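1. Sequence below, structure please.
(chains A and B)
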Amino acid sequence: MGEVLVAGGLVAVGTYLFRAAGLLLAARPGGRLDRAETTLATWSGRAATLLLVSVAATSALTEHGGYAGTARVLGVAVGAGLACRRTPLPLVLLAAGATTALARLAGIA
Amino acid sequence: MFSISSVRSLWRTATRADGSAISVMCGAVAAVGVAYGATSVAAGLPIWFAPTLGLAVYAASAEMLFVGVLGAGGSAWLAAVAALAVNARHLPYGVAVRHLVGPGGRGLLRAHLVNDETVAFGLARATERGSTRAGRDALTSAGLAMLVAWPAGSLAGGLLGRSVDVRSLGLDALFPVVLLALVLPGLHRRRTRFAALAAAAVATAAAPVVPAGLAPLLGLAALPLMRAGRRRG
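-> Numbers count the residues shown, from 1 in each chain, chains lettered A, B, ... in the order given. The predicted model follows:
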């Protein structure tokens, strides 16, 4: 747990430093994003997308290195489908949870 | 927190009354917080952890990534690296809203409120009203409101996750859905979708064979595909 706290603290401090560094960079005379910063912004956005998709996929499909079970996969599929149709997020979450819960109730693992 | 493009359109379509726009956003943020809090507790973290991280980091997707890697059995350091990689985008955000954040001690405090939603909202209001002051007020009020809604939602999720059976209520399905909803608006380009699918495939295939928690990070192997998309339009 101690390790988790230190790591969480690092994320908090690092994130604040990113914010503050942006403010300081902009404060330079004529402060605009230069090439290196634009590149950093682009790549960090791309990395974010891929990391989030990867966590979504592994947490939807796997658990402890094995299959997560059909009930969860069904719920995630329903939620993802609704999200594609721009359904409001609280409704999306409700539908996903209900699908998985009903599937388990029906005896689907 | 959320993808900037989706939030921007949400703010644009919101009514002129800042109060109602902010409460709509807070409702969505709190709902995501419930999923985040329930997942954190299921990952074996204490109930106060998710709300505390929420206050201290205040960038939802990075926090969910952090908890997601821990929940998959990954090391805390691996989780921190992934979260920081995702949060590097706050540097260009800081550049973009410097005039809204303002100078001095208050500026340093207000800097903590800079995230996807507040940047989109603050910039939209500043443009709409032609006033830096209006943009600053919008960024500050939305930022403070969500600074309450996000930890409150995750605390509620933690309490829920502890008191009910997470699996029988289907709460374990919410976490991946939230993450997908966050990235969907950014997947409008075919090349990006292709790279995202490749990342998902690599990560899922790796999950049974690599050390716990490492699999999602391997999805980054698809990064070169994104580059090709950019170059060829």
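2. give me phi/psi at the residue most central in space within chain A?
-> The C-alpha lying nearest the average C-alpha coordinate of chain A belongs to residue A:52 (Cα atoms, centre = their mean; 4.0 Å). Geometry field for residue A:52 lists phi and psi as phi -70, psi -40, criterion degrees, to the nearest 10.
3. do you know how far it is from chain B?
-> Here the criterion is Cβ to the nearest Cβ, to the nearest Å. By it, residue A:52 lies 5 Å from chain B. Where you see a C-beta, it was placed from the backbone N, CA and C, and this is true even at glycine.
4. wait, doesn't that residue sit right on residue B:182?
-> Yes - counting by Cβ atoms under 8 Å, residue A:52 sits close enough to residue B:182 to count as a contact (6.0 Å).
5. Return every residue with contacts to both of these two.
-> With contacts taken as Cβ atoms under 8 Å, 6 or more residues apart in numbering or on different chains, residue A:52 and residue B:182 have residue B:61 as neighbours in common.
6. Could you give the number of residues near whatever residue of chain A ends up closest to chain B?
-> Closest approach between chain A and chain B, counting by Cβ to the nearest Cβ: residue A:22, at 1.9 Å. The local packing count at residue A:22 equals 27, with neighbours defined by other Cβ atoms under 10 Å in any protein chain shown.
7. where along chain A do the helices fall?
-> Along chain A, the stretches classed as helices by DSSP state H are A:2-26, A:35-61, A:70-84, A:89-105.
8. shaky segments in chain B?
-> The model of chain B has pLDDT under 70 over residues B:1-17, B:228-233.
9. Next SSE downstream of the helix ranked longest in it?
-> In chain B, taking DSSP H as the definition, the longest helix is helix B:132-163. With elements assigned by DSSP states H and E, the helix or strand that comes after helix B:132-163 is helix B:174-183.
10. does that next one come close to chain A?
-> Yes - judged by Cβ under 8 Å from any Cβ of the partner chain, helix B:174-183 and chain A are in contact via B:174-183.
11. Need the residues that contact that helix.
-> By Cβ under 8 Å, 6+ apart, the list of residues contacting helix B:174-183 from outside reads A:49, A:52-53, A:55-57, A:59-60, A:75-76, A:79-80, A:83, A:89, A:92-93, A:96-97, B:1-3, B:32, B:34-36, B:38-39, B:60-61, B:64, B:68, B:196.
12. and what of stretch A:91-101?
-> By Cβ under 8 Å, 6+ apart, the list of residues contacting stretch A:91-101 from outside reads A:71-72, A:74-76, A:78-79, A:82-83, A:87, B:31-32, B:34-35, B:168-174, B:177-178, B:181.
13. One more: stretch B:92-104?
-> Around stretch B:92-104, the neighbours that count as contacts under Cβ under 8 Å, 6+ apart are A:18-27, A:31-33, A:37-38, A:40-41, B:107, B:110-111, B:114-116, B:118-119, B:122-123, B:126, B:132, B:135-136, B:139.
14. Quick check: buried residues in that stretch?
-> For stretch B:92-104, the neighbour count (16 or more other Cβ atoms under 10 Å in any protein chain shown) marks B:92-98, B:100-102 as buried.
15. do the same with stretch B:132-147
-> Within stretch B:132-147, the residues that qualify as buried are B:134-143, B:145-147, counting by 16+ other Cβ under 10 Å.
16. Filter the contacts of stretch B:92-104 down to the buried ones and express that as a PyMOL selection.
-> The buried subset of the contacts of stretch B:92-104, as determined by 16+ other Cβ under 10 Å, is captured in PyMOL by this line:
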select buried, (chain A and resi 18+19+20+21+22+23+25+26+33+37+40+41) or (chain B and resi 110+111+114+115+116+118+119+122+123+126+135+136+139)
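17. Can you tell me which of the contacts of stretch A:91-101 are classed as buried?
-> Neighbour-count burial (16+ other Cβ under 10 Å) applied to the contacts of stretch A:91-101 gives A:71-72, A:74-76, A:78-79, A:82-83, A:87, B:31-32, B:34-35, B:169-174, B:177-178, B:181.
18. Between the helices of chain A, which one is closest to residue B:26.
-> Each of the helices of chain A has some distance to residue B:26 by Cβ to Cβ; the shortest is helix A:89-105, at 11.5 Å.
19. Tabulate the CA atom coordinates of that closest one in PDB.
-> C-alpha atoms of helix A:89-105 as PDB (Å, rounded to 0.1, in the frame of the first residue of the first chain):
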ATOM      1  CA  LEU A  89     -23.400   8.600 -20.300                       C
ATOM      2  CA  PRO A  90     -25.500   7.800 -17.200                       C
ATOM      3  CA  LEU A  91     -27.900   5.900 -19.400                       C
ATOM      4  CA  VAL A  92     -25.100   4.000 -21.100                       C
ATOM      5  CA  LEU A  93     -23.700   2.900 -17.700                       C
ATOM      6  CA  LEU A  94     -27.100   1.900 -16.500                       C
ATOM      7  CA  ALA A  95     -27.700  -0.300 -19.600                       C
ATOM      8  CA  ALA A  96     -24.300  -1.900 -19.500                       C
ATOM      9  CA  GLY A  97     -24.600  -2.800 -15.800                       C
ATOM     10  CA  ALA A  98     -28.100  -4.000 -16.200                       C
ATOM     11  CA  THR A  99     -27.200  -6.200 -19.100                       C
ATOM     12  CA  THR A 100     -24.300  -7.900 -17.200                       C
ATOM     13  CA  ALA A 101     -26.400  -8.300 -14.100                       C
ATOM     14  CA  LEU A 102     -29.300  -9.800 -16.000                       C
ATOM     15  CA  ALA A 103     -27.000 -12.100 -17.900                       C
ATOM     16  CA  ARG A 104     -25.600 -13.400 -14.600                       C
ATOM     17  CA  LEU A 105     -29.100 -13.800 -13.200                       C
END
